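Trainee: Just the structure for this:
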Amino acid sequence: VQLQASGGGLVQAGGSLRLSCAASGDTLDYYAIGWFRQAPGKEREEVSCISGSGGSVHYADTVKGRFAISRDDSKNTVWLQMNSLKPEDTAVYYCAAESFYCSGDLTEFAYWGQGTQVTVSS
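Mentor: This next block holds a predicted model:
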């Protein structure tokens with residue numbers, strides 16, 4: 001499966017962005033999709049994950065209550081709605097796929113998109 005992340009940009013603190021992760025080459029039905037981010041000089045971290053069925057979602061504590069992940073397998077797309085953005089949310093955001101369940105382990109995600117830059121100004 002190939003993943004394409006998009007929707008990043010420059011936004012002021014308190015603003016919103018919606019990231020999209022579009023898949024091709026396979027259907028997303030049986031994949032868990034995670035959103036990760038990596039800021040300069042920092043390790044890549046998981047932001048959110050949604051299971052293959054969509055029945056299970058996970059959020060990092062730093063984004064809980066502000067970000068929402070969703071999926072539409074008929075469109076082969078997963079979204080990350082980001083509200084109340086903060087300067088510390090600035091990073092390159094990646095979507096990635098692993099087999100059905102959200103493992104919480106970055107190394108289990110076999111397929112990665114190319115990343116989209118999110119910059120939040122103060």
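
Trainee: show me where the chain has strands.
Mentor: Taking DSSP state E, the strands of the chain run over residues 2-6, 9-12, 17-24, 31-38, 45-50, 57-59, 67-72, 77-82, 91-99, 111-112, 116-121.

Trainee: so how far is Ser122 from the most centrally placed residue in the chain?
Mentor: The centroid of the chain falls nearest to Trp35 when counting by C-alpha atoms, centre = their mean (2.3 Å). Applying C-beta to C-beta, to the nearest Å, the value for Trp35 to Ser122 is 23 Å. Every C-beta, even on glycine, is put in place using the N, C-alpha and C of the backbone.

Trainee: before we move on, back to that, can you say which of the strands of the chain is packed in most?
Mentor: Across the strands of the chain, averaging neighbours per residue (mean count of other C-beta atoms under 10 Å) puts strand 31-38 on top, at a mean of 25.

Trainee: Could you please name the strands that one pairs with and the direction of each pair?
Mentor: Take DSSP bridges as the rule and strand 31-38 pairs in its sheet with strand 45-50 (antiparallel), strand 91-99 (antiparallel).

Trainee: Dump those strands to JSON lines, plus distance to Thr27.
Mentor: Shown next, in JSON lines, are those (distance: least, C-beta to C-beta, whole Å):
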{"stretch": "strand 45-50", "distance to Thr27": "15"}
{"stretch": "strand 91-99", "distance to Thr27": "11"}
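
Trainee: do you know which of the ones you listed lies nearest Leu3?
Mentor: Nearest to Leu3 among the strands paired with strand 31-38 is strand 91-99 (5.3 Å), distances taken as C-beta to C-beta.

Trainee: Measure how the closest one sits relative to strand 17-24, angle-wise.
Mentor: Strand 91-99 and strand 17-24 are oriented at 40 degrees to each other (axes from the mean of the first three to the mean of the last three C-alpha atoms, to 10 degrees).

Trainee: Next, the contact list for Ser51, please.
Mentor: If you count contacts by C-beta atoms under 8 Å, 6 or more residues apart in numbering, Ser51 has them with Ala32, Val57, Phe100, Tyr101, Cys102.
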